[in-house]
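Peer 1: Here is my input, please return the structure:
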Amino acid sequence: MPAPPDQPPRRALPRLRDLRTLLEERRFVLVSAASLLGTTLVTAGLGFVYWAVAARAFSADSVGYGSAAISLMTLLGTIGMLGLGTLLIGELGRRRAEAGGLITASLLVSGGVSAAMGLVAALLAPAFMKDLTPFGGDPLHVTLFAVGVAVTGASLVLDQALVGLHRGGLQLWRNCAFSVTKLAALLLAAKYLDDAFGVGIYLAWTVGNVVSLGALALVLHRRGIPMMFRPRWDLLRELRGTVMGHNWLNIAYQLPRLALPVVVTFLISPSAGAAFYAAWMLVGFAYIVPTHLSTALYAISAGDHSALAQELRFTIRVSVIAGVVMAAVFGLGGHWLLVPFGQSYADAAGAALAILGLGIFPTLVKVHYIAVRRVQGLIPRAAVVVTIGAALELGAGAAGALLGGITGVAVAVVLAMTLEALVMAPAVALAMRAPRAPAARAQTRVPAQSTAVESTAVEDQSTALT
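Peer 2: Numbering: from 1, shown residues only. I've put the predicted structure just below:
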């Protein structure tokens, strides 16, 4: 009897194999993005608890001033980095013998510059808001703020240095220690140091940073890792030109996120700033997904430019899916997400949170535009576009605050972000239309680990303003 004809394979098996192949081809993007996301989720999750506790333990005005102070501290610390974190990620792998001196010099420069900017900002604060006159006139307040900015700038650089040394686990550990310690310090501040200007809130933030750095130093000492090195100023002078473009682009991208809470606090009221900050922090969780996927995209494509189109299509698809889900969550449940902070927060910023949730779509275009331009070597061009966009967002936010309160800020900022996305989208679409690369190429691809995490520390601090 003749053998029965072979049965055609069931469709489920090829689909399973296709899924496995897809995961294998995208493993570097997925692993890089998951690593960044894991660190962020830990710090952001505890940051949510931090601000929920602050909202319950402090007055709305105190939370408004405290959140504005922390936003300003993080912004000034980010500027005070001077691109040195990016420099260390790129250089430490090639300069192992000189790593200690280069890190020491970078920490001293970033800490010193950040402290100077913090001092100037604290002294000039009363000129922008009369209610802050006691803040600028009190030497203790000025000193605490300047120290907070200095520690923020130095810790951001140190986190990226640890990544450049392939010690990402230590960075995650330090940030976990920071999140836990600042929460404990906040509880103590709520009991002993509540005042009208939120000093206890941003002091707890600084204490968390300082204690986490001390704990990290203890861990390094127990592992026998030396920490005292002579600063290599000569290396910094030699390398100073390599980070200008990246630093400009990084600051331009971070500026609206860190400055908008300050704008709302100054132009509306401290209590409005507190409510907006809570909504801005929550929506930052949604923006994390496309941001980290685009960073992973840059990591992969930086070492293999032919990979850009294929990986870009993948990260865009995942970002859009995540955007639809998160926009629906904020649109349907934005009010309830703010209830843990207090009913007044939900009433004031519930509508704004729903609107800001739509901002994930222009954000995914923006972060992919930045990644594409980095891969293409067009960083100065991207920096100009992103800087103009940052000015547009801040200007729109200020106008919205004056005309429509918190909801007006949300509407104006999302409209500005959408306009930016329309300008940036053609470059992203053009990069996506490049010829598809063969699947076999994925097996020989080498991930660029250092670039995958170049913005991790700043993102984690800003989302865990978050």
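Peer 1: ranges for the strands of the stretch 101-250 of the chain?
Peer 2: Applying DSSP state E, counting those that start in this stretch to the stretch 101-250 of the chain gives no strands.
Peer 1: where does it have low pLDDT?
Peer 2: 125-137, 163, 168, 194-197, 240-243 (pLDDT under 70).
Peer 1: And the helices in it, which stretches?
Peer 2: 133-137, 139-164, 168-192, 199-222, 233-239, 244-267 (DSSP state H, counting those that start in this stretch).
Peer 1: Ser67: which of these is closest?
Peer 2: The minimum distance between Ser67 and the helices of the stretch 101-250 of the chain falls on helix 244-267, with 5.7 Å, by C-beta to C-beta. All C-beta atoms are positioned from the backbone trio N, CA, C, and that covers glycine.
Peer 1: Centre of the chain to the closest one, how far?
Peer 2: 11 Å (C-alpha atoms, centre = their mean, to the nearest Å).
Peer 1: Tell me the buried residues in that helix?
Peer 2: Within helix 244-267, the residues scored as buried using 16 or more other C-beta atoms under 10 Å are 245-267.
Peer 1: How about stretch 271-278?
Peer 2: By neighbour count on 16+ other C-beta under 10 Å, the buried set for stretch 271-278 is Ser271, Ala272, Gly273, Ala274, Ala275, Phe276, Tyr277, Ala278.
Peer 1: Dump the helices of the stretch 101-250 of the chain into CSV; add distance to Leu102 as well.
Peer 2: Shown next, in CSV, are the helices of the stretch 101-250 of the chain (distance: least, C-beta to C-beta, whole Å):
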stretch, distance to Leu102
helix 133-137, 36
helix 139-164, 9
helix 168-192, 17
helix 199-222, 17
helix 233-239, 5
helix 244-267, 16
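Peer 1: Point out the most buried one among these.
Peer 2: helix 139-164 (a mean of 24; mean count of other C-beta atoms under 10 Å).
Peer 1: and the angle for that one with helix 199-222?
Peer 2: Using axes from the mean of the first three to the mean of the last three C-alpha atoms, to 10 degrees, the inter-axis angle of helix 139-164 relative to helix 199-222 is 40 degrees.
Peer 1: tilt between helix 139-164 and helix 168-192?
Peer 2: Relative orientation of helix 139-164 and helix 168-192, computed by the same axes, to 10 degrees: 160 degrees.
Peer 1: Show me what helix 139-164 is packed up against.
Peer 2: Contact here means 3 or more C-beta pairs under 8 Å, 6 or more residues apart in numbering; DSSP states H and E; on that basis helix 139-164 packs against helix 60-80, helix 84-91, helix 99-128, helix 133-137, helix 168-192, helix 199-222, helix 456-463.
Peer 1: right, so of those, which gets closest to Phe314?
Peer 2: helix 456-463 (20.6 Å).
Peer 1: Any chance of the helices and strands packed on helix 139-164 in JSON lines with distance to Pro426 as columns?
Peer 2: Putting these into JSON lines (distance: least, C-beta to C-beta, whole Å) gives the following:
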{"stretch": "helix 60-80", "distance to Pro426": "29"}
{"stretch": "helix 84-91", "distance to Pro426": "27"}
{"stretch": "helix 99-128", "distance to Pro426": "37"}
{"stretch": "helix 133-137", "distance to Pro426": "46"}
{"stretch": "helix 168-192", "distance to Pro426": "35"}
{"stretch": "helix 199-222", "distance to Pro426": "41"}
{"stretch": "helix 456-463", "distance to Pro426": "26"}
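Peer 1: Which among the ones you listed is found nearest to Gln376?
Peer 2: Comparing the helices and strands packed on helix 139-164 under C-beta to C-beta, the one sitting nearest is helix 84-91, at 17.6 Å.
Peer 1: who's in contact with Ala154?
Peer 2: Leu107, Ser110, Gly111, Ser114, Leu213 (C-beta atoms under 8 Å, 6 or more residues apart in numbering).
Peer 1: ugh, typo on my part, it should be Ala184
Peer 2: Per C-beta under 8 Å, 6+ apart, neighbours of Ala184: none.
Peer 1: measure it to Thr387 for me?
Peer 2: 39 Å (C-beta to C-beta, to the nearest Å).
Peer 1: tell me which of the buried residues of stretch 271-278 is nearest to Trp233?
Peer 2: Distance to Trp233, by C-beta to C-beta, is smallest for Tyr277 among those, at 39.0 Å.
Peer 1: which residues sit in contact with the closest one?
Peer 2: Residues near Tyr277 by C-beta under 8 Å, 6+ apart: Trp51, Val63, Gly64, Ser67, Ala68, Ser71, Pro261, Val264, Leu465.
Peer 1: Surely the third one touches Ala272?
Peer 2: Yes - with contact defined as C-beta atoms under 8 Å, Gly64 counts as touching Ala272 (7.1 Å).
Peer 1: Now list whatever residues contact both of the two.
Peer 2: Common neighbours of Gly64 and Ala272, counting by C-beta under 8 Å, 6+ apart, are Thr265.
Peer 1: Just to check, Ala161 is in contact with Ser110?
Peer 2: No - the criterion here is C-beta under 8 Å, and Ala161 misses it with Ser110 at 10.3 Å.
Peer 1: What is the distance between stretch 220-232 and the centre of its chain?
Peer 2: Relative to the centre of its chain, stretch 220-232 is centred 28 Å away, using C-alpha atoms, centre = their mean.
Peer 1: Endpoints of that stretch, how far apart?
Peer 2: This stretch, stretch 220-232, spans 21 Å end to end (C-alpha to C-alpha, to the nearest Å).
Peer 1: Quick check: buried residues in it?
Peer 2: Pro231, Arg232.
Peer 1: Please apply the same query to stretch 342-362.
Peer 2: 342, 345-346, 348-362.
Peer 1: Okay, and which of these map to helices?
Peer 2: Under the assignment DSSP state H, the buried residues of stretch 342-362 contribute 345-346, 348-357, 360-362 to helices.
Peer 1: Show me which pair in the contacts of Tyr277 is furthest apart.
Peer 2: Using C-beta to C-beta, the two most remote members of these are Trp51 and Val264, lying 15.1 Å apart.
Peer 1: which residues touch Gly400?
Peer 2: Contacts of Gly400 by C-beta under 8 Å, 6+ apart are Gly408, Val409, Ala410, Val411, Ala412, Val413.
Peer 1: Okay, and which of those map to strands?
Peer 2: Counting by DSSP state E, none of the members of the contacts of Gly400 fall within strands.
Peer 1: Select from these the one having the most neighbours.
Peer 2: Counting neighbours by other C-beta atoms under 10 Å, Val409 leads the contacts of Gly400 with 32 neighbours.
Peer 1: which one is it nearest to, not counting chain neighbours?
Peer 2: Using C-beta to C-beta, 6 or more residues apart in numbering and skipping residues adjacent in sequence, the residue nearest Val409 is Gly400, 4.2 Å away.
Peer 1: how about the one you found, phi and psi?
Peer 2: phi -60, psi -40 (degrees, to the nearest 10).
Peer 1: Kindly state the pLDDT recorded for it?
Peer 2: pLDDT, Gly400: 95.
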